[in-house]
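Enquirer: have a look at this prediction, sequence included:
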Amino acid sequence: MRLNKMEIRWLKLFCIIVEKRGVTNAQNATGLSQPVLSHYLSRLEDSLGVVLCERGRGGFALTSEGEVVYQEAKAVIATLEDFANRLAAIKQQLIGTVKIGCLDNTVTHPSNVVSHSIRTLYQKSADAKVILTIGDYDPLMEKLMNGSIDIMLSILPDDVLSDVFFQPVFIEQSYFYTIAENANRIQQEWRSGTLDPDMLLIGGHALNEISKQLGPIAQKGLQHVAWHLESSLLLLLAGTHIGYLPDHYAAAWVEQGKLVAIAPDELNLTNIFYLIRNARQRLSPVAEALWNNIVEAGKSSLASLK
């Protein structure tokens, strides 16, 4: 016969009754009253089709069938408990693959949260594996929503989807750069409102704030969009374009005297990178571990916002 959940519970109560030598003595151990225990015991006997014990003035005693059922019930319960313990252990183990998608060129950020977090995960478990995808916001979000990746690390646009969960991780400062030999001219043209829109590179994630800082010229420059930071940097170094870059990404060229930030006190962006996941899907233990590692790694950067 097949046992359902209720019958398994009755068997567990039956074993306690046997070990406590009667229904009355089993009340404290089970937290159930004598009438309830007696009812469950009768239900179990009806279900199994045997009399399990003699109960009455002569005291509690197992029948021969009851003794067999008791021994078998102990074995079944021990097996179930062992399985439950093994299952709990499996849930705590970091086994399997986690797929994460990130925006490009975060590697130069001082926090370097992705590399640190992956290393921490691999140190915790030899059975964990990370697959890293680098891309733009829209294709990464599509992958997240169709389950191709588990986690996404990105700046968020103003129209973020409602069915995602996101958590801030670290901040990134960006400034408005040009090559050094053009710096004085570009600064004068920005002050006078005569910047050439054909030189302007506009990224999509902070369009509203860029428009506030640069004014009407930002809208005229929308036709010149560089979606990747490397393409922006190449165009800026060519001296043909001007635009915003993260300070950590531009730092090497600033130190070499090749790039200069124009009016850094006025033309600057503070972007927040978020961890993002599909709110309708539960993270696996290994994905959740990587998520927590990244949040922990980014705490020092995020603290500067407070």
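Expert: Great, that's in hand.
Enquirer: can you give me the neighbour number for S117?
Expert: 25 (other C-beta atoms under 10 Å). No exception for glycine: its C-beta is placed from N, CA and C like everyone else's.
Enquirer: for it, which non-adjacent residue is spatially closest?
Expert: Among residues not flanking S117 along the chain, N293 sits closest, at 3.7 Å (C-beta to C-beta, 6 or more residues apart in numbering).
Enquirer: OK, contacts around the one you found?
Expert: By C-beta atoms under 8 Å, 6 or more residues apart in numbering, the residues touching N293 are H116, S117, I118, T120, L121.
Enquirer: roughly how far does it sit from Q167?
Expert: 13 Å (C-beta to C-beta, to the nearest Å).
Enquirer: which residues are in contact with stretch 80-88?
Expert: I8.
Enquirer: now it: mean pLDDT?
Expert: For stretch 80-88, mean pLDDT rounds to 74.
Enquirer: only C-alpha atoms, please: export stretch 131-144 in PDB.
Expert: Provided in PDB are the C-alpha atoms of stretch 131-144 (Å, rounded to 0.1, in the frame of the first residue of the first chain):
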ATOM      1  CA  ILE A 131      29.400  31.800 -16.900                       C
ATOM      2  CA  LEU A 132      30.000  35.600 -17.500                       C
ATOM      3  CA  THR A 133      28.400  37.500 -20.300                       C
ATOM      4  CA  ILE A 134      29.300  41.100 -21.200                       C
ATOM      5  CA  GLY A 135      26.800  43.200 -23.100                       C
ATOM      6  CA  ASP A 136      24.500  46.200 -23.300                       C
ATOM      7  CA  TYR A 137      21.500  46.700 -21.100                       C
ATOM      8  CA  ASP A 138      18.700  45.800 -23.500                       C
ATOM      9  CA  PRO A 139      20.100  42.400 -24.700                       C
ATOM     10  CA  LEU A 140      21.200  41.500 -21.100                       C
ATOM     11  CA  MET A 141      17.700  42.300 -19.800                       C
ATOM     12  CA  GLU A 142      16.200  40.100 -22.600                       C
ATOM     13  CA  LYS A 143      18.500  37.300 -21.500                       C
ATOM     14  CA  LEU A 144      17.500  37.800 -17.900                       C
END
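Enquirer: check for me that the residue nearest to S117 belongs to a helix.
Expert: Yes - N293 sits within a helix when classified using DSSP: H, G, I helix; E, B strand; the rest coil.
Enquirer: okay, it: pLDDT?
Expert: So N293 comes in at 93 (pLDDT).
Enquirer: swap in P264?
Expert: 96.
Enquirer: swap in L201?
Expert: 84.
Enquirer: pull the helix or strand with minimum mean pLDDT from this structure.
Expert: When the helices and strands of the chain are scored by mean pLDDT, DSSP states H and E, helix 217-220 comes last with a mean of 70.
Enquirer: contact partners for C102?
Expert: V114, L132, T133, I134, G135, L140, M152, L153, S154.
Enquirer: measure it to S284 for me?
Expert: Counting by C-beta to C-beta, the gap from C102 to S284 is 19 Å.
Enquirer: okay, now the sheet partners of the helix or strand hosting I276, with direction.
Expert: Using DSSP states H and E, I276 sits within strand 268-278. In the sheet, strand 268-278 lines up against strand 151-155 (antiparallel), strand 164-179 (antiparallel) (DSSP bridges).
Enquirer: which one of those has the most crowded surroundings?
Expert: Of all the strands paired with strand 268-278, strand 151-155 carries the top mean neighbour count, a mean of 22, counting by mean count of other C-beta atoms under 10 Å.
Enquirer: touching that strand from outside, list them.
Expert: For strand 151-155, using C-beta under 8 Å, 6+ apart, the contacting residues are 98-103, 106, 113-114, 137, 140-141, 143-144, 169, 172, 205-206, 271-277, 283, 287, 290-291, 294.
Enquirer: which of these are buried?
Expert: Among the contacts of strand 151-155, those classed as buried by 16 or more other C-beta atoms under 10 Å are 98-103, 106, 113-114, 137, 140-141, 143-144, 169, 172, 205-206, 271, 273-277, 283, 287, 290-291, 294.
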